[in-house]
Each structure stands twice: as C-alpha cells, then as structure tokens.
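Asker: Based on what follows, work out the 3D shape:
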Amino acid sequence: MIKFFRVRISKVKGYHYIRLPKIIVDRMNLSAGDEIEISICRDKTDSQTALWEQSPGGIRKIRFTIPDDTLTMNMYGRLYIPSEYRFFFPPSLRDFILETNVGNIQTHINSEGNIIKGLKPWFMVNHPIEGNDMFTFEKLDDRPVQYRMIFEKGKT
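Answerer: Numbering: from 1, shown residues only. Modelled structure (predicted):
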C-alpha cells in the first residue's frame with residue numbers, strides 16, 4: 001500500500017534537498033545511499049491529506065517534548081511543533097480540530113511550525129510548559145481532520 005507524506009524542499013548552494021521526517025527514516029530504516037521513489041504533484045488546490053487512507057506511513061500517534069529553546073513561547077500562547085513532526089498534521093494554515101483537556105479547539109499550524117489559534121484557554125489551564133513535559137498527538141479514526149492532544153507534565 002502506498003503512503004503519502006509531505007516534505008519540504010530546501011536549496012543549499014544551488015542544490016535542492018529534501019528532508020525526510022526522522023520518524024519516517026527510522027520506521028523505514030533508511031540510511032545514506034538508499035534510494036526512495038518520489039512522485040511529484042503540483043496541484044496545490046487539493047488537500048494532500050485527502051490522499052491518505054490513514055496518517056502518513058501508518059503513523060497514528062507522535063510523542064515528543066518541546067525543545068528548550070522554544071519554551072519562551074509559553075508567554076505568547078504558542079505551541080511549537082518540531083519540524084520532524086509537522087508532516088503528521090494538515091499543511092500550514094489548514095484548520096483542524098484539536099481535542100484537549102479544556103475542550104475542542106479549532107486551530108492550525110502556521111508556517112513557522114506553531115499552533116497559535118485558539119490555544120489561550122489551554123495555556124490558562126496548563127501553563128507553564130517546561131523542558132521535561134511530554135506531548136502526545138493522536139489522529140482520530142472516526143473524524144477526518146481531528147487530533148487528540150495529551151499533555152503530561154514532567155514525563156521524560
């Protein structure tokens with residue numbers, strides 16, 4: 001079965017590179033010199049998530065801690081999603097529902113990788129985020145673009 005996921009192309013010194021999410025590299029046991037097949041799709045009007053029968057590569061859940069250098073986002077009500085996990089969510093600025101301990105929040109990830117929209121009530125209850133706090137995001141099967149966020153203080 002074919003699984004689709006997004007990658008971002010970077011240009012460095014005149015060469016174009018694709019960075020695969022670490023979780024995909026680990027799951028597929030890829031190493032330097034391995035070959036992968038890539039299909040190019042230029043139609044940006046369709047949501048890529050509509051192509052997935054399930055989340056990319058069969059991944060239904062991701063788990064991580066917020067990097068220490070982004071903890072200052074607490075005061076701005078922003079939740080930073082590390083770049084290696086952004087493939088799990090809809091493309092930037094596409095709304096989705098985030099099920100949290102304070103209720104459902106309609107939100108999106110901006111181009112910098114932050115979830116900002118609608119998180120003020122969540123931060124009021126869960127503030128502050130610290131370096132050893134764990135986040136788990138789970139794609140819900142019965143809803144097209146809905147995720148559950150579980151926040152665990154001091155779990156690493």
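Asker: does the most centrally placed residue in the chain sit in a helix, a strand or a coil?
Answerer: Closest to where the C-alpha atoms of the chain average out (Cα atoms, centre = their mean) is Arg86, at 2.8 Å. Under the three-state scheme (DSSP: H, G, I helix; E, B strand; the rest coil), Arg86 adopts helix.
Asker: Excluding chain neighbours, what is closest to it?
Answerer: Setting aside the residues directly before and after it, Arg86 is nearest to Gly113 in space (Cβ to Cβ, 6 or more residues apart in numbering), at 5.8 Å. The C-beta positions use only the backbone N, C-alpha and C, and glycine is treated the same way.
Asker: Now for that neighbour: which residues touch it?
Answerer: Shown in contact with Gly113 (Cβ atoms under 8 Å, 6 or more residues apart in numbering): 80-83, 86.
Asker: roughly how far apart are it and Arg78?
Answerer: 10 Å (Cβ to Cβ, to the nearest Å).
Asker: From Leu140, how far out is Asn29?
Answerer: Taken as Cβ to Cβ, the span from Asn29 to Leu140 is 28 Å.
Asker: Just want to know which of the two has more residues nearby.
Answerer: Shown here are Asn29 and Leu140; by other Cβ atoms under 10 Å, Leu140 has more neighbours (13 against 7).
Asker: mind checking how far that one is from Ile24?
Answerer: Leu140 is 21 Å from Ile24, by Cβ to Cβ.
Asker: burial measure for Leu79, as a count.
Answerer: With other Cβ under 10 Å as criterion, Leu79 counts 23.
Asker: could you pull out the strands for the protein?
Answerer: Residue ranges of the strands in the chain, as given by DSSP state E, are 8-12, 15-19, 61-65, 79-80, 96-100, 103-107, 114-115, 134-139, 146-152.
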